[in-house]
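Enquirer: Turn this into a model:
(chains A and B)
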Amino acid sequence: MKLSNSFFYTLRENVKDEESVSGNLLVKSGMIKKSSNGIYMYMPLGLKVLQNIENIVREEMNNSGAQELTMPQLLPQDVYEESGRLKNFGPSMFKLNDRYNRPYALGPTHEELFVHAASMKIKSYKDMPFNLYQIGNKYRDEVRPRLGLIRVREFIMKDAYSFDADLDGLDKSYQKMYVAYKNIFDRIGLNYKIVKADTGVMGGFLSEEFQAITDTGEDILVLCDTCEYAANQEISECVLNDYNDESDLLPKELVYTPSHGTIKEICDFLNVPMSKVVKTLIYKVDDEFCACMVAGDKDVNEVKLQKLLKAVNVELASMEDVEKITSAKVGFAGPIGLKCKIVVDQDILKMKNFVVGANKTDYHYKNTNISDFTYDIVGDIKFVCEGDTCPKCGGHLYFKKGIEVGNIFKLGTKYSESLNLQYSDSNNKLNYVYMGCYGLGIPRTMASVVEQNNDENGIIWPISIAPYKVAIVIVSNKDDKQLMVANDLYDKLNSIGIETILDDRDERVGVKFNDMDLIGIPIRLTVGKKVNEDMVELKLRTEKESKDVSLDLIVDEIKKIINN
RNA sequence: CGGAAAAUGGCUCAAUUUGGUAGAGCACUACAUUUGGGAUGUAGGGGUUGCAGGUUCAAAUCCUGUUUUUCCGACCA
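Expert: Below you'll find the model as predicted:
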């Protein structure tokens, strides 16, 4: 690309509607432009990065034996009705009607359609395994799009679906994708972790996420300082705390705690640590109310709660509902005399002489013990904390933030059952197909790379996905020798497949340097005065210093850097 | 969906409190001088101040409504 004759622009100042580092840099460098909330235009430079990522994904998917196809994004809602997910997705699905008022949707994910496609082939166990994928747009009406390309409403996703006759086959297909994903993110140069995760709306029984490690991440990853344990905080299990409390059980005592509704206020007022208070939160679980008790310094994990109760929908009860159930203002809920189902965290059984709400405005009970009330279910319903014991090895857990760039699921027979995808086995018996699904967000990967690779001057693309590998900067457009050498190098590099930018704009050299830094081109060649000695200057984006290289050697030198 | 903030040339902002000809920097055009890390000077072009009402002799400014965007939370593959 010769810049003097191209659609190329950069911005000098930060844009005010992009807070994230990656969002801001991508907009400033002219790669993307916000079109509306959570929807972006991809400019020529940004598209090249996307395509480079897509190509790596495509290569690794093809290597794994998967086959590419493409699906419509505009679908009749029946498709999701059939699997029962129309309700599950709810308002996060974009819905519209055609001219005959028939309901359509923009596809948020494509399990159903792939099942339909697979059914064209699958009759017998001999027809499997296979794996189909596409790279295309997905539409999700997110509650709050944010952080540039990290949470958007229209995005490009690679989604793959494997079809196997049995669990054994699914394990193998899943493992292939696991390896393919590792290859993809390794080639892109992303710093990532693979963590166990919740299966969410997808269903199924195993899910692992590929998480890019960055402070702007939306997910909390729980890692162990001694073993390989890695899980999303949503599902990370708690080890039973060893309280070792030798104190005697005391009789419970009603205490007046005027307008001290929060845990902190109660602790200050009664002069007890937060770990000696048990909070009771009222949840609406499907259509039933349910009180959940955890220690005052812990938080209820709704994903775990949902699983424990085998519920579909878990949300905090409204203030009005809480007041109705506890007959007190919010902040004074407790288990004693409470008329709804009570779930207690496993740790509560070991605690002694703790404080709970009295279901009476402005009152709490001191010295409550587990024998003072009845409960329905005991389980692990709280979030793990940093420093907690590792459930696998007993080491200490620590947290990192991550951006979910890929997610692989063992779906099992969930969709083949709801959509009736069966095959005949060797005994001529009908069985359901075992499926896996495998998603990878392309723009999100792009943003994650920027989050991990930037400095005060701009983006630093890894060579594997850089929009152009080399930028040739001409110091003076008025110098014929410089022009000639630069154009010659430009032609030579492009002719051997090394995509190169020629900055031949009529700008000061400082502007060119700054722009090439901002857009993150990995290798910069400066053609200046030293052409008279047949030398050009080579500088890597990752390094501060440059070096002079003779014209005879420069192409080989660049090849070496790129192939390394 | 709850809370908070914002909307003024392509970009970043000022003028709003106290109503009185919309202004700066960057970017753009022309010319001159410059030219190895975002040049300088001179002269220009570009805005019915998000939208719709209202108050007023007069509205970017006050009032009402509305839309959009951002942030925090809730929610979410």
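Enquirer: closest point of the stretch 251-400 of chain A to RNA strand B, which residue?
Expert: Scanning the stretch 251-400 of chain A for proximity to RNA strand B using C-beta to the nearest atom of the strand identifies A:Glu302 as nearest, at 5.2 Å. Any C-beta I mention is one placed from the backbone N, CA and C, and that applies to glycine too.
Enquirer: Give me the secondary structure label for A:Asn532.
Expert: helix (DSSP: H, G, I helix; E, B strand; the rest coil).
Enquirer: I figured it was touching A:Lys481, is that so?
Expert: Yes. If you go by C-beta atoms under 8 Å, A:Asn532 and A:Lys481 touch, sitting 6.7 Å apart.
Enquirer: before we move on, the earlier item: verify the contact between the residue of the stretch 251-400 of chain A closest to RNA strand B and A:Leu309 for me.
Expert: No. Contact criterion C-beta under 8 Å: A:Glu302 and A:Leu309 do not qualify, at 10.4 Å.
Enquirer: sorry, back to before: count of neighbours near the residue of the stretch 251-400 of chain A closest to RNA strand B?
Expert: A count of neighbours around A:Glu302, defined by other C-beta atoms under 10 Å, yields 19.
Enquirer: Leaving out the residues flanking it, which one is nearest to A:Leu411?
Expert: A:Gly204 (3.8 Å; C-beta to C-beta, 6 or more residues apart in numbering).
Enquirer: where does chain A have low pLDDT?
Expert: A:201-203, A:243, A:259 (pLDDT under 70).
Enquirer: now the strands: where do they sit in the stretch 101-250 of chain A?
Expert: With DSSP state E, counting those that start in this stretch as the criterion, the stretch 101-250 of chain A has strands at A:103-106, A:130-139, A:154-164, A:192-196, A:206-213, A:219-224, A:230-232.
Enquirer: Enumerate the residues of the stretch 301-450 of chain A near RNA strand B.
Expert: Within the stretch 301-450 of chain A, the positions adjacent to RNA strand B are A:302, A:315-316, A:404, A:407, A:439, A:441 by C-beta under 7 Å from any atom of the strand.
Enquirer: can you do 10 Å?
Expert: Residues of the stretch 301-450 of chain A lying close to RNA strand B (C-beta under 10 Å from any atom of the strand) are A:302-303, A:306, A:312-316, A:404-409, A:437-442, A:444.
Enquirer: Now, of these, which are buried?
Expert: Those of those that meet the buried threshold are A:302-303, A:306, A:314, A:404-409, A:437-442, A:444, by 16 or more other C-beta atoms under 10 Å.
Enquirer: give me the number of residues near the spatially closest residue to A:Glu386 that is not a sequence neighbour?
Expert: Using C-beta to C-beta, 6+ apart and skipping the chain neighbours, the partner closest in space to A:Glu386 is A:Phe399 (5.2 Å). The tally of other residues near A:Phe399 (other C-beta under 10 Å) stands at 15.
Enquirer: sec struct for A:Phe399, please.
Expert: The local conformation at A:Phe399, judged by three-state DSSP, is strand.
Enquirer: Touching, it and A:Asp225? I think so.
Expert: No. Counting by C-beta under 8 Å, A:Asp225 is not a contact partner of A:Phe399; they are 11.3 Å apart.
Enquirer: Just give me the residue closest to the centre of chain A.
Expert: A:Glu404 (1.8 Å; C-alpha atoms, centre = their mean).
Enquirer: so that residue bridges to which residues?
Expert: For A:Glu404, the beta-bridge partners under DSSP bridges are A:Gln211.
Enquirer: do the same with the one 5 residues further on
Expert: In this structure, A:Phe409 bridges to A:Ser207, A:Cys437 when assessed by DSSP bridges.
Enquirer: That one against A:Glu209, yeah?
Expert: No. A:Phe409 lies out of contact with A:Glu209 (C-beta under 8 Å); the separation is 9.9 Å.
Enquirer: Quick check: closest non-adjacent residue to A:Glu545.
Expert: Excluding its sequence neighbours, the residue lying closest to A:Glu545 (C-beta to C-beta, 6+ apart) is A:Lys539, at 7.4 Å.
Enquirer: how about the one you found, what does it touch?
Expert: By C-beta atoms under 8 Å, 6 or more residues apart in numbering, A:Lys539 lies in contact with A:523-524, A:526, A:545-547.
Enquirer: before we move on, what about A:Lys512?
Expert: A:473-474, A:503, A:505.
Enquirer: now A:Tyr468
Expert: Neighbouring residues of A:Tyr468 by C-beta under 8 Å, 6+ apart: A:1, A:48, A:499-501, A:521.
Enquirer: Quick check: the two most widely separated of those?
Expert: A:Lys48 and A:Thr500 (12.5 Å; C-beta to C-beta).
Enquirer: which of these two has more neighbours?
Expert: A:Thr500 (22 against 18).
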